[in-house]
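Engineer: let's see this in three dimensions:
(chains A and B)
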There are 2 protein chains.
Amino acid sequence: MSKDTGTRSRRRRPARGDRVVGQIAQRPWKQIHYPGRPVEILSADQIEKIHDTALVMLEEVGMKVLADEARRLFRSAGFDVDDGEEHVRFDRNLVTELVAKAPSSFSLRARNPARNVDVGDGAAIFASVGGPAYCMDLDGGRRNGTYRETCDFLKLVQSLNILHQEGGGGFEAIDLPPETRHLDLYHAQITYLDKNWQPWGIGHGQARDALEMAAIMLGTTVEGLGETPVFTCVINTNSPLQLDIPMAEGLITMSTHGQAVIVTPFTLSGAMSPVTLAGALAQQHAEAMAAIALTQIVRPGAPVLYGGFTSNVDMRTGAPAFGTPEYVQAAQVSGQLARKLGLPFRSSNVTAANTNDAQAAYESQMALWGAMTGQVNLLMHAAGWLGGGLTASFEKLIIDAEMLQMMAAYFEPFAVNDDTLALDAIREVGPAGHFFGAAHTMERYEQAFYTPLLSNWDNFDTWVERGQVNAETRANQIWKQLLQEYEQPPLDEGINDALLDYVARRKREMLGRDTG
Amino acid sequence: MSKDTGTRSRRRRPARGDRVVGQIAQRPWKQIHYPGRPVEILSADQIEKIHDTALVMLEEVGMKVLADEARRLFRSAGFDVDDGEEHVRFDRNLVTELVAKAPSSFSLRARNPARNVDVGDGAAIFASVGGPAYCMDLDGGRRNGTYRETCDFLKLVQSLNILHQEGGGGFEAIDLPPETRHLDLYHAQITYLDKNWQPWGIGHGQARDALEMAAIMLGTTVEGLGETPVFTCVINTNSPLQLDIPMAEGLITMSTHGQAVIVTPFTLSGAMSPVTLAGALAQQHAEAMAAIALTQIVRPGAPVLYGGFTSNVDMRTGAPAFGTPEYVQAAQVSGQLARKLGLPFRSSNVTAANTNDAQAAYESQMALWGAMTGQVNLLMHAAGWLGGGLTASFEKLIIDAEMLQMMAAYFEPFAVNDDTLALDAIREVGPAGHFFGAAHTMERYEQAFYTPLLSNWDNFDTWVERGQVNAETRANQIWKQLLQEYEQPPLDEGINDALLDYVARRKREMLGRDTG
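Structural biologist: Below you'll find the model as predicted:
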């Protein structure tokens, strides 16, 4: 004799599903606004202790800073610089004064003003995966991606309302020359999307090209971009305690023009950071403060985000692990450290799984809950990340979009009033009745509950009749349908011509030939 | 040019994995103790409003109570009973006085005293799935289960340290006669496990047999069981606002003998409850208070749990949905409502998915996070539930065990001290070094991080070389290995003989024949 839902569900086994085919349900485009408080697992004293340890690291151990230009800037601000050792030591008062100049929130412009986003201030942005080397789908498996596939990926990012920002190109277009690949990507990001997008900031060149093309996109000048930023750009420190030349250049160019740098130390506990989480987070905090200070030397008040990426490695193999219990704790504490500095907080939706199985989902969910309960302001790699970030998966993009939509629905305020308490409906139905036909139900059922993008709620027999399709295969069907239904957001022809001219000119300069 | 983990992970691609084969890593057996505060999405006023609405329902609408015996008890306590209508109305003061008699926490005895568990008081218990009609594994698919398969399932529940309690038999053993099936199950629960286990409480007979056999197991009398309870037993109200005869009988028999009833209204919003969550939860609260009051009429101070099972249905098909955003909100609010009454809180780990794909994992994760942030005290169906509770899956049992272990590790206190802040390790390694060989690392690396039961962290190439095994298939390998390594906990022969005699005698009585 079974109990709980066992019997009950069988008694109430639903009628044959009648899901509408050829129509993909989505929530409208809308940023997340946190209704409540973040989960804070550490006390104010514990946060203070981590913060103080980070300042001791910066004073005593300091950082290697490989770019002369960056060391000059640090010296000009009064820091203790050793050019022979390419090394900087950081006075704690000076560094905290500089960090304090950064704003706690700001806005980002998109090509479509209706897609402008707020950074910080109790709001969250979901950005698609950026940076992987490989692309992957159920049909072709993991492989080197092409420019055409990159464009398809961007079309899907545009089509998914739950993604508020494009996160940096999905994956590498290996069929394009590496020197100029970023130019084709920027053009695709501008033309296939009307959402805000992320550029690459590895070196002055990539950053400068992004600024020039964004200025054309918005009909303004590179200087004009400074008024309201258009970019958030990831800058990783080379943990432990090092800032390399391309990253320093990207930071300097972006901050100079008032664009938002996402300072993200790459602190894998046990490898590039201490094997204890508190130590890894203290190191993350130290590297973050040093790089954030640099942004404020370059341009006081320049927007900047505090990036938390601390995770751990498998000590038996050295493989990075993601979505672990340690990752969740690190994400929540990183949120506390960002708020300690009064800065917007960036985290990520990550997994080490190599395929879209249960592990990919539960590791991503762990990362998501860590980030969201820590009240992340910019969730990077929110959709599409697989295999420790080496792969962008078309199916994972859809699976993540479903998980993000569910998160967004969870964070909707919970209404308690006479209407929702439904006392009259209870009076109408009474004991042992059912509510399917009640007036209260009929008036509300269409909008009452979250409608899934991907999840299948058919009972077992119906699910079998319909081919026992699992989530990964449904995701494959959904992204193909979205691609079919994609509509390119209109762009002024003059602007597009100017962009094409710019790309062609830069390619001539860089490749020394006309690529047509 | 990729950024963030893209480049970094490639540079740091780990050496060939060298995972130990033939040895399954598990955390030691240990209850969860919540270090922090629960997530409470409603204000005290909002909770008060739901509580008050529930009391109005009980006073104005009341409940159908089908068992004469139960109505007699309600009348004896001073409630307004109509035997013709089989109906009871509940005075708000009387019902709240009775509910207040129930203890806020208590302990449960197990055959092995080292496996006794605490209910309430900031602690959590994970119980295996109980009640499904079907069993399922990767080899045989979904099917009617046999007694042998039930015993295999119980052996796995015993083997998994993260499961603190057996939750009621896994699935139906269809090859046994239904009238006496519970007797064979109880014998298997006692002999294959030394953990606490859940009986069936559908009617006096099942409950009485459970008490008799538990008394034999513990070398005491049925009366003696009352001192420290041995059972938590699920009693569902038949929502809306009805208590049927078998459930009332189970409640009365268990409470009479001081055993803990888990009062669990089956409030599916849109079907057996209002289409608005606040209304569904008010109804859940009303039904819970009525049944909890009955336990306190039967035996003042009898242990009882507040069960929250509110979810929603798919309004297009009537199919129940689980692990939805609404489910998460309902679980957290149910925790608040249980604490409002000063009672331990029961929730569940549930999904509507019909196979162990990404959906099964993300819906279960949503349910888990709702329950755990709501500080559930007894998490039922914590491992093995699939297909809306109609199926117990051997692979899901392992996938859930991994997710539960990760939760347990996440709730471990986060240590911030000079040892974990690792300033000396930072000084030792310095900028641009690595921590693999550092003394601080060498002293701690073996115990530093969570070790997975199921998750695979191999890099892609290693994963491919090893056959691209996904999580469901690994789970299949793991439960088979656990079954192979299973060791039966010793049981006094005299006790086992007495149990066998009891089972044989009851079968003769019930089937009118000797089944040997």
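
Engineer: lowest-scoring secondary structure element of chain A by mean pLDDT?
Structural biologist: helix A:5-11 (a mean of 37; mean pLDDT, DSSP states H and E).

Engineer: any idea how far A:E443 is from the residue in the stretch 401-516 of chain A that chain B sits nearest to?
Structural biologist: With Cβ to the nearest Cβ, the shortest gap between the stretch 401-516 of chain A and chain B falls at A:A422, namely 3.0 Å. Yep, even glycine has a C-beta here, placed from its N, CA and C like the rest. Going from A:A422 to A:E443 by Cβ to Cβ, to the nearest Å gives 11 Å.

Engineer: next: A:R115.
Structural biologist: 33 Å.

Engineer: the two - which one has more neighbours?
Structural biologist: A:R115 (18 against 13; other Cβ atoms under 10 Å in any protein chain shown).

Engineer: helix, strand or coil for the residue lying closest to A:L183 once chain neighbours are set aside?
Structural biologist: Excluding its sequence neighbours, the residue lying closest to A:L183 (Cβ to Cβ, 6 or more residues apart in numbering or on different chains) is A:V503, at 4.6 Å. At A:V503 the chain is in helix, as set by DSSP: H, G, I helix; E, B strand; the rest coil.

Engineer: what strand or helix carries the nearest residue to A:G301 once chain neighbours are set aside?
Structural biologist: Residue nearest to A:G301 in three dimensions, not counting chain neighbours: A:K101, with 5.7 Å by Cβ to Cβ, 6+ apart. Under the criterion DSSP states H and E, no helix or strand holds A:K101.

Engineer: which residues does A:K101 contact?
Structural biologist: Neighbouring residues of A:K101 by Cβ atoms under 8 Å, 6 or more residues apart in numbering or on different chains: A:Q296, A:P300, A:G301.

Engineer: residue ranges for the strands of the stretch 51-200 of chain A, please.
Structural biologist: Ranges of strands within the stretch 51-200 of chain A are A:63-65, A:80-82, A:87-89, A:106-108, A:117-119, A:123-128, A:134-137, A:141-144, A:165-166, A:196-197, based on DSSP state E, counting those that start in this stretch.

Engineer: what residues does the second one touch?
Structural biologist: Just to be clear, that refers to strand A:80-82. A:G62, A:V65, A:R71, A:F74, A:R75, A:H87, A:V88, A:R89, A:F90, A:D91.

Engineer: shaky segments in chain A?
Structural biologist: A:1-23, A:513-516 (pLDDT under 70).

Engineer: and the residue nearest the centre of it?
Structural biologist: Taking Cα atoms, centre = their mean, the centroid of chain A lies closest to A:M380, which sits 1.3 Å from it.

Engineer: would the helix or strand containing it count as contacting chain B?
Structural biologist: Using DSSP H and E, A:M380 falls within strand A:378-383. Yes. Strand A:378-383 reaches chain B (Cβ under 8 Å from any Cβ of the partner chain) through A:M380, A:H381.

Engineer: kindly export that strand (C-alpha atoms) in PDB.
Structural biologist: This file holds the C-alpha atoms of strand A:378-383, laid out as PDB (Å, rounded to 0.1, in the frame of the first residue of the first chain):
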ATOM      1  CA  LEU A 378      25.900  40.000 -13.000                       C
ATOM      2  CA  LEU A 379      25.700  36.300 -13.500                       C
ATOM      3  CA  MET A 380      28.100  35.400 -16.200                       C
ATOM      4  CA  HIS A 381      28.100  32.100 -18.200                       C
ATOM      5  CA  ALA A 382      24.500  32.000 -17.000                       C
ATOM      6  CA  ALA A 383      23.600  29.900 -20.000                       C
END
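
Engineer: which outside residues touch that strand?
Structural biologist: So strand A:378-383 is in contact with A:119, A:124-131, A:157, A:160, A:162-163, A:165, A:167, A:232, A:234, A:262, A:305, A:344-350, A:368, A:371-372, A:389, A:396-397, A:400-401, A:404, B:4, going by Cβ under 8 Å, 6+ apart.

Engineer: quick one: work out the angle between that strand and strand A:123-128.
Structural biologist: 30 degrees (axes from the mean of the first three to the mean of the last three Cα atoms, to 10 degrees).

Engineer: identify all contacting residues around the helix or strand that strand A:378-383 is followed by.
Structural biologist: Using DSSP H and E, the helix or strand that follows strand A:378-383 towards the C-terminus is strand A:385-386. Applying Cβ under 8 Å, 6+ apart, the external contacts of strand A:385-386 come out as A:129, A:132, A:136, A:348-351, A:353-356, A:360, A:364, A:391-393, A:396, A:400.

Engineer: quickly run through the sheet partners of strand A:385-386, with directions.
Structural biologist: strand A:391-393 (antiparallel) (DSSP bridges).

Engineer: which is the succeeding secondary structure element to the partner strand?
Structural biologist: That would be, after strand A:391-393 and using DSSP H and E, helix A:394-410.

Engineer: that next one vs chain B: in contact?
Structural biologist: Yes. Using Cβ under 8 Å from any Cβ, helix A:394-410 comes into contact with chain B via A:I399, A:E402, A:M403, A:M406, A:M407, A:A409, A:Y410.

Engineer: what about the lengthiest helix in chain A and chain B, touching?
Structural biologist: For chain A, the helix with the greatest residue count under DSSP state H is helix A:277-298. Yes. Judged by Cβ under 8 Å from any Cβ, helix A:277-298 and chain B are in contact via A:L277, A:A278, A:G279, A:A282, A:Q283.

Engineer: contacting residues around the closest residue in space to A:R181 that isn't next to it in sequence?
Structural biologist: Spatially, and ignoring its direct neighbours in sequence, A:R181 is nearest to A:A173 (5.9 Å; Cβ to Cβ, 6+ apart). By Cβ under 8 Å, 6+ apart, the contact list for A:A173 reads A:G145, A:T146, A:Y147, A:E149, A:T150, A:R181, A:D184, A:L185.

Engineer: what are the bridge partners for the closest residue to the fifth one other than its chain neighbours, then?
Structural biologist: Closest residue to A:T150 apart from its sequence neighbours, by Cβ to Cβ, 6+ apart: A:A173 at 4.6 Å. A:A173 has these beta-bridge partners by DSSP bridges: A:G145.

Engineer: how close does A:A173 get to chain B?
Structural biologist: Distance, A:A173 to chain B, by Cβ to the nearest Cβ, to the nearest Å: 11 Å.

Engineer: and what of A:A290?
Structural biologist: Distance from A:A290 to chain B, by Cβ to the nearest Cβ: 11 Å.

Engineer: next, count neighbours for that residue.
Structural biologist: 27.

Engineer: and A:G167, by the same measure?
Structural biologist: Count around A:G167 with other Cβ under 10 Å applied: 31.

Engineer: enumerate every residue touching it.
Structural biologist: A:A127, A:S128, A:V129, A:G130, A:V157, A:Q198, A:M380, A:H381, A:A382.

Engineer: give me that answer again for 7 Å
Structural biologist: For A:G167, the contact set (Cβ atoms under 7 Å, 6 or more residues apart in numbering or on different chains) comprises A:A127, A:S128, A:V129, A:G130, A:Q198, A:M380, A:H381.

Engineer: in JSON lines: those, plus distance to A:A338.
Structural biologist: Shown next, in JSON lines, are these (distance: Cβ to Cβ, whole Å):
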{"residue": "A:A127", "distance to A:A338": "17"}
{"residue": "A:S128", "distance to A:A338": "22"}
{"residue": "A:V129", "distance to A:A338": "22"}
{"residue": "A:G130", "distance to A:A338": "20"}
{"residue": "A:Q198", "distance to A:A338": "19"}
{"residue": "A:M380", "distance to A:A338": "14"}
{"residue": "A:H381", "distance to A:A338": "18"}
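
Engineer: mind giving me the ChimeraX command for buried ones among those residues?
Structural biologist: Typed into ChimeraX, the line below selects the buried ones among the contacts of A:G167, using 16 or more other Cβ atoms under 10 Å in any protein chain shown:
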select /A:127,128,129,130,198,380,381
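
Engineer: what about A:D314, neighbour count?
Structural biologist: 22.

Engineer: ok, and the closest non-adjacent residue to it?
Structural biologist: Excluding its sequence neighbours, the residue lying closest to A:D314 (Cβ to Cβ, 6+ apart) is B:W457, at 4.9 Å.

Engineer: this completes my enquiry, with thanks.
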